[in-house]
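Visitor: Here is my input, please return the structure:
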Amino acid sequence: MSLMYLKSAPIPHTTTMQKQRGSMLVIALFVIILLAVLSLAMLRMLAASADSVVSEVYGQRALNAARSGVERSIAAAFPITGTSNCSASEAFTFTNTPGLLNCGYESRCSVVTVNDDGDEYQYYRFTAQGSCVAGDTVVSRNVSVEGIQ
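Guide: Residues are numbered from 1 along each chain as shown. Model (predicted):
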């Protein structure tokens, strides 16, 4: 046997290299598109989370404003000294209160006289709607309290 038969024929590199040309570009483009889609999804989730936090914070502020309205109506209806004043409607906007800026309330008080076996009772109902404004977002909460005197 001659040594010539043992040598294998060389594989031409030009044909395999030409077949693979551009495959890295396709892979890189796929990775870039995948990362862009993931980034967009993450941005939408963060924006939704931020909106949710703003709504929750201003919702609590609106609830505090409504509670203030009810407490103010109760204090007017049951004063320590002086005459009772159950006003039909009152509106108030907080201007110098640090936690309630851009918030306000509208409160109502109603009184109904109830007869029970010759005894007269005054049935009070206090309601207030607190609202807060944050840019284009308006958040409101309602509070209602009832009592008999």
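Visitor: hey, where'd the helices end up in this structure?
Guide: 3-6, 13-20, 23-77 (DSSP state H).
Visitor: Show the average pLDDT along the second one.
Guide: Spelled out, that is helix 13-20. The average of the pLDDT scores along helix 13-20 is 63.
Visitor: Then the last one?
Guide: Helix 23-77 shows a mean pLDDT of 91 in the predicted model.
Visitor: again, but for the first one
Guide: Per-residue pLDDT values over helix 3-6 give a mean of 56.
Visitor: Mean neighbour count, the helices of the chain: which tops it?
Guide: Across these, averaging neighbours per residue (mean count of other Cβ atoms under 10 Å) puts helix 23-77 on top, at a mean of 14. Where C-beta positions appear, they are placed from N, C-alpha and C, glycine not excepted.
Visitor: measure the nearest residue to Ser55 once chain neighbours are set aside to Thr127 for me?
Guide: Distances taken as Cβ to Cβ, 6 or more residues apart in numbering put Val139 closest to Ser55, at 6.2 Å, once the chain neighbours are dropped. Distance of Val139 to Thr127, given as Cβ to Cβ, to the nearest Å: 18 Å.
Visitor: contacting residues for Ile148?
Guide: Neighbouring residues of Ile148 by Cβ atoms under 8 Å, 6 or more residues apart in numbering: 114, 121-124.
Visitor: if you set the cut-off to 10 Å instead, what comes out?
Guide: Listed by Cβ atoms under 10 Å, 6 or more residues apart in numbering, the contact partners of Ile148 are 112, 114, 116, 121-124.
Visitor: Present the helices of the chain as TSV; the columns should include distance to Ser107.
Guide: Shown next, in TSV, are those (distance: least, Cβ to Cβ, whole Å):
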stretch	distance to Ser107
helix 3-6	103
helix 13-20	77
helix 23-77	4
